[in-house]
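This is a predicted model, with the sequence first.
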Amino acid sequence: MAKDQGADDDAPQKDVKSEDQIGALRNEIDEIDRQLIVLLSERREKSRAAAELKYSEHTPLRDQLREERLLSSRVQQAKEHGLDAHLVTKIFHEIIDDSVRYQQQFLQHKVNAADGSEIALRKVAFQGSNGSFSHLAAEHFFSRHETPVMYNGSTSYKLVLELVERGEVDYGILPIENTTSGGINEVYDLLQRTRLSLVGEEKLQITPCLLALPGATLAKISRVYSHPELILQCSESLKDFDAIENSFNTAATVEEIRKNGATNCAVVASEEAAHTLNLQVLQRGIANQQENYTRYLVIARQPVKVDERVPCKTSVVIATAHKPGALVEVLKVFQSNKVNLTKLESRPVVGNPWEEMFYLDFEGHAESDQLQFVLEEARRHSRFLRVLGSYPSPDIARTEVSLAQKGAGSQKGASNAIPRAKGTAAEASEQKKESSGSTKLFSRGYKSQDTIIQVKGVELGGDSFVIIGGPCSVESSAQIDACARHLKETGGHILRGGCFKPRTSPYSFQGLGYEGLELLVEAGKRYGVPVVTEVLAVEDVHRVAETADILQVGARNMQNFTLLQEIGRTQRPVMLKRGMSSSIEDMLNASEYILSQGNQQVFFCERGIRTFETATRNTLDLSAIPVIRQRSHLPVIVDPSHAAGTRELVIPLVFAAKAVGAHGVMVEFHPKPEEALSDGPQALLFDQWAEMMASL
Ligand code: PEP
Ligand code: MN
């Protein structure tokens with residue numbers, strides 16, 4: 001420029017000329033870029049055709065040698081053209097990643113549409129409004145799917161889950177962890193009890209921006225609205241503003257800001273949200289670190305099938321036994337079977353302070369022989385184990401080539417170039433046949449050692465004889481307090497009390513419900529004894545499980561399979577009472593409904609069955625005890641109160657139960673049986689109970 005100072009007259013003409021030249025060059029560049037897109041699309045067509053062949057001919061998805069050759073020759077070509085080999089490698093890694101993902105998705109589509117259930121439109125729920133990071137993650141995930149998608153923004157994570165559960169949408173997407181702020185507790189807790197399956201995973205780089213009304217300036221911003229997760233991720237940048245407010249719906253918040261013309265207000269959201277909401281970006285990338293990624297999980301009602309050529313991941317939730325080293329035992333099972341763990345996260349158990357649940361992610365499909373063996377083994381060391389799902393892994397292992405020599409060989413191969421690591425699968429399947437075959441979870445074939453259930457220091461199973469006592473129903477604060485104190489003073493272990501009563505007549509006392517539960521739980525805490533209470537309805541299961549130490553399934557509900565399954569998703573030990581017209585086999589199978597949902601802490605209760613005999617309320621089937629102990633590793637106790645129906649018969653039956661090897665008894669007693677609102681005639685008097693306790 002300085003050289004041309006003397007040629008002022010020519011300057012404007014020269015500029016016009018060079019502008020023309022630049023314009024022309026730009027047009028040519030544009031044309032090349034357009035061609036690049038056309039070529040990429042042609043490449044994808046070929047990739048699709050290859051995927052079809054691989055599908056029909058059952059050949060592996062990836063060929064490591066081919067990828068190495070491809071990269072090496074592109075690197076070579078790049079050098080010949082004077083291009084940066086690193087850049088070209090980077091570009092081709094992206095292209096190969098895309099192609100692998102595309103082919104994986106193609107196979108996934110094939111195996112999952114094999115039943116002919118083609119869906120015309122998929123509905124997907126996410127938390128937040130359009131342009132939220134969850135929305136972007138969903139778009140990213142479903143962009144590889146061929147079916148059109150309709151998105152449904154909802155106000156909370158819980159609602160996302162419910163929309164999927166109710167069938168109002170096909171999928172939900174939930175953030176599970178962020179590289180800056182860590183695990184998202186609410187989502188972990190929701191997963192603990194869901195019936196849904198994990199069917200996919202997405203990782204998204206999160207670049208939060210500060211957005212405000214057009215015309216607003218950063219200096220004037222004093223109030224910032226943001227989703228709480230983003231507040232955590234951007235805590236450094238946000239600390240200087242006067243007020244930070246939670247917002248779960250950015251669109252609604254922005255509408256409010258716009259209505260008030262509040263130029264002192266800003267929101268934290270994506271750059272995309274700035275376009276959809278017509279806002280200006282005041283600051284870009286305000287997270288505490290640039291490497292700010294969120295991992296999202298995709299949930300659906302049905303598990304997804306994963307083609308065996310597609311690298312697969314499995315997530316489980318586990319609670320290990322209450323003994324030192326139990327977690328190590330479980331982890332050893334994974335290690336010795338060469339299963340690669342990719343994630344271990346712990347969360348407290350709701351209602352059990354200082355107890356932890358563990359979330360584990362690992363490579364492989366839960367249905368593979370190898371993992372079935374590993375999971376069975378792990379379950380033997382667990383109080384709870386539930387598979388959340390097996391789904392295609394979003395991580396593509398890259399094939400690396402050396403940029404130094406010509407025709408470069410490989411350094412590190414793509415670890416998932418080979419279909420799926422089989423490891424010790426054959427061995428595992430052999431062992432599996434030996435150890436269990438198709439044996440059920442309750443059986444000795446599945447687990448030879450006795451299960452011991454621990455509740456607040458009480459051990460049920462093994463050699464101990466546990467005594468559960470209390471009134472049939474919780475009737476008042478004074479009544480349950482008196483019972484709890486008496487139980488404690490006489491050496492009883494667990495307090496019982498019905499709050500939701502399954503009465504034969506709808507006109508009989510139905511129990512005090514949650515009010516009764518509160519009284520029972522308080523009394524238990526006051527005297528330091530765990531409590532057991534019956535849960536009658538599916539919708540009450542999780543609420544009762546929040547505070548009751550043990551959940552009781554009553555005789556009338558022994559085959560209420562939906563109730564059993566819901567209880568199987570809780571973390572509380574379960575007392576399963578024998579149905580009055582059920583065989584031992586029926587009861588064992590009923591327990592499988594609980595165990596198969598994850599909860600491994602079930603014990604049986606023999607409480608008498610209906611026979612032609614009328615001398616007792618029911619006939620106590622004492623032979624059930626040794627039979628159950630032979631067939632199952634789970635503890636079994638006896639309830640002589642509901643069997644006998646009259647208090648005089650209860651104590652002899654307690655001794656009989658002990659003699660036949662029961663792990664304990666449950667006996668009803670009441671401060672004033674004559675005034676009891678239910679089962680008065682069978683309730684022991686306080687003195688009788690004390691005598692019984694003394695002689696045990
Ligand atoms: C009870 O134990 O409170 C009860 C109702 O017993 P069952 O279900 O055995 O009749
Ligand atoms: Mn009763």
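Perfect, thanks for sending it. Ligands and ions are numbered 1, 2, ... in the order given.

what does the protein have sitting close to ligand 2?
Residues of the chain lying close to ligand 2 by Cβ under 5 Å from the ion are 472, 679. No exception for glycine: its C-beta is placed from N, CA and C like everyone else's.

Show me the chain divided up by domain.
Annotated domains of the chain cover 39-118, 209-283, 311-395+415-439, 466-486+514-695 [automatic domain parsing].

Out of the ones you listed, name the one with the poorest average pLDDT.
Mean pLDDT per stretch puts domain 311-395+415-439 lowest among these, at a mean of 80.

circling back to that earlier point, buried deepest among the domains of the chain, which one?
domain 466-486+514-695 (a mean of 20; mean count of other Cβ atoms under 10 Å).

starting at the chain centroid, how far to that domain?
31 Å (Cα atoms, centre = their mean, to the nearest Å).

What is the end-to-end distance of it?
Domain 466-486+514-695 has an end-to-end distance of 14 Å (criterion: Cα to Cα, to the nearest Å).

Out of the domains of the chain, which gets nearest to Leu196?
Leu196 lies closest to domain 311-395+415-439 among these, at 8.2 Å (Cβ to Cβ).

And that closest one, end to end?
29 Å.

Stretch 525-536 now?
Terminal residues of stretch 525-536 lie 23 Å apart, using Cα to Cα.

again with stretch 59-68
End residues of stretch 59-68 are separated by 18 Å (Cα to Cα).

Write out the residues of this structure neighbouring ligand 1.
472, 498, 502, 534, 554-556, 577, 607, 642 (Cβ under 6 Å from any ligand atom).

of the residues you listed, closest to Ile95?
The shortest approach to Ile95 among the residues of the chain next to ligand 1 belongs to Glu534, at 61.3 Å (Cβ to Cβ).

which other helices and strands contact the helix of greatest length in the chain?
Secondary structure of the chain per DSSP state H: the longest helix is helix 10-57. Helix 10-57 is packed against helix 85-112, with contacts defined by 3 or more Cβ pairs under 8 Å, 6 or more residues apart in numbering; DSSP states H and E.

Could you report the separation of Thr570 from ligand 1?
Counting by Cβ to the nearest ligand atom, to the nearest Å, the gap from Thr570 to ligand 1 is 19 Å.

now do Tyr527
In this view, Tyr527 and ligand 1 are 20 Å apart by Cβ to the nearest ligand atom.

ok, now which ones touch that residue?
Tyr527 is in contact with 484-485, 487-488, 495, counting by Cβ atoms under 8 Å, 6 or more residues apart in numbering.

Identify the residue spatially nearest to whichever residue of the stretch 51-200 of the chain sits closest to ligand 2, adjacent ones excluded.
Per Cβ to the ion, Arg193 is where the stretch 51-200 of the chain lies closest to ligand 2, at 28.9 Å. Using Cβ to Cβ, 6 or more residues apart in numbering and skipping residues adjacent in sequence, the residue nearest Arg193 is Arg569, 4.9 Å away.

Distance check, the one you found against ligand 1.
22 Å.

same question, His322
Distance, His322 to ligand 1, using Cβ to the nearest ligand atom: 26 Å.

so that residue touches Val455, yeah?
No - applying Cβ atoms under 8 Å as the test, His322 and Val455 come out as separate, 9.3 Å apart.

residues contacting the residue in the stretch 451-600 of the chain positioned nearest to ligand 1?
Residue of the stretch 451-600 of the chain nearest ligand 1, by Cβ to the nearest ligand atom: Gly554 (3.1 Å). Contact partners of Gly554, counting by Cβ under 8 Å, 6+ apart, are 502, 534, 536, 577.

Swap in 10 Å and give it another go.
Residues in contact with Gly554, defined by Cβ atoms under 10 Å, 6 or more residues apart in numbering, are 498, 500-502, 534-536, 560, 563, 575-577, 579, 605, 607, 642.

and if you look at Gly131?
139, 153, 211, 250-251, 269-277, 279.

still on that earlier bit, which ones among the contacts of Tyr527 map onto strands?
Judged by DSSP state E, the subset of these located in strands is Leu495.

which one of the contacts of Tyr527 is nearest Ile318?
The closest of the contacts of Tyr527, once distances to Ile318 are taken by Cβ to Cβ, is Leu495, at 29.3 Å.

tally of neighbours for the closest one?
Around Leu495 sit 28 other residues, with neighbours defined as other Cβ atoms under 10 Å.

Hmm, Pro530 and it touching each other?
Yes - here Leu495 reaches Pro530: they are 7.3 Å apart, a contact under Cβ atoms under 10 Å.

In strands only, show me the contacts of Gly131.
Reading strands off the contacts of Gly131 with DSSP E, I get 153, 211, 269.

Closest one of those residues to Gly445?
Checking the ones in strands among the contacts of Gly131 against Gly445 with Cβ to Cβ, the nearest one is Gly153 at 49.6 Å.

ok, now which ones touch that closest one?
Per Cβ under 10 Å, 6+ apart, neighbours of Gly153: 125-132, 134-135, 138, 159-160, 249-251.

now swap in Gln280 and tell me
Contacts for Gln280 (Cβ under 10 Å, 6+ apart) come out as 209-217, 266, 274.

Ile244 now?
Neighbours of Ile244 in contact, by Cβ under 10 Å, 6+ apart: 223-226, 228, 231, 234-235, 238, 268.

Now with 6 Å, please.
Contact partners of Ile244, counting by Cβ atoms under 6 Å, 6 or more residues apart in numbering, are 224, 231, 238.

is it in a bridge, and if so with what?
According to DSSP bridges, the residues that bridge with Ile244 are Val224.

Touching, the residue of the stretch 51-200 of the chain closest to ligand 2 and Gly568? I think so.
No - Arg193 lies out of contact with Gly568 (Cβ atoms under 6 Å); the separation is 10.2 Å.

Tell me, how many residues neighbour the residue of the stretch 101-250 of the chain found nearest ligand 1?
In the stretch 101-250 of the chain, the residue that lies nearest ligand 1 is Arg193 (24.6 Å; Cβ to the nearest ligand atom). Counted with other Cβ under 10 Å, residues neighbouring Arg193 total 19.

same deal with the one 10 residues further on?
Each residue near Lys203 was counted by other Cβ under 10 Å, and the total is 15.

what helix or strand is it on?
strand 197-205 (DSSP states H and E).

Remind me what that strand packs against, helices and strands.
Helices and strands touching strand 197-205, as assessed by 3 or more Cβ pairs under 6 Å, 6 or more residues apart in numbering; DSSP states H and E, comprise helix 133-142, strand 293-300, strand 382-392.

quick one, what contacts the residue nearest to Met587 when sequence neighbours are not counted?
Leaving aside its sequence neighbours, Met587 sits nearest to Arg578 (Cβ to Cβ, 6+ apart; 4.9 Å). Neighbouring residues of Arg578 by Cβ under 6 Å, 6+ apart: 587, 606-607.

and the residue lying closest to Glu67 once chain neighbours are set aside, what pLDDT?
The spatially closest residue to Glu67, leaving aside those adjacent along the chain, is Thr399, at 4.0 Å (Cβ to Cβ, 6+ apart). Thr399 is assigned a pLDDT of 84 by the prediction.

Got phi/psi on Thr399?
Main-chain dihedrals, Thr399, degrees, to the nearest 10: phi -80, psi 130.

rewinding a little: so how far is Leu677 from the residue nearest to Arg193?
Distance, Arg569 to Leu677, using Cβ to Cβ, to the nearest Å: 32 Å.

again, but for Asn185
Per Cβ to Cβ, Asn185 is found 41 Å from Leu677.

Alright, calling it a day.
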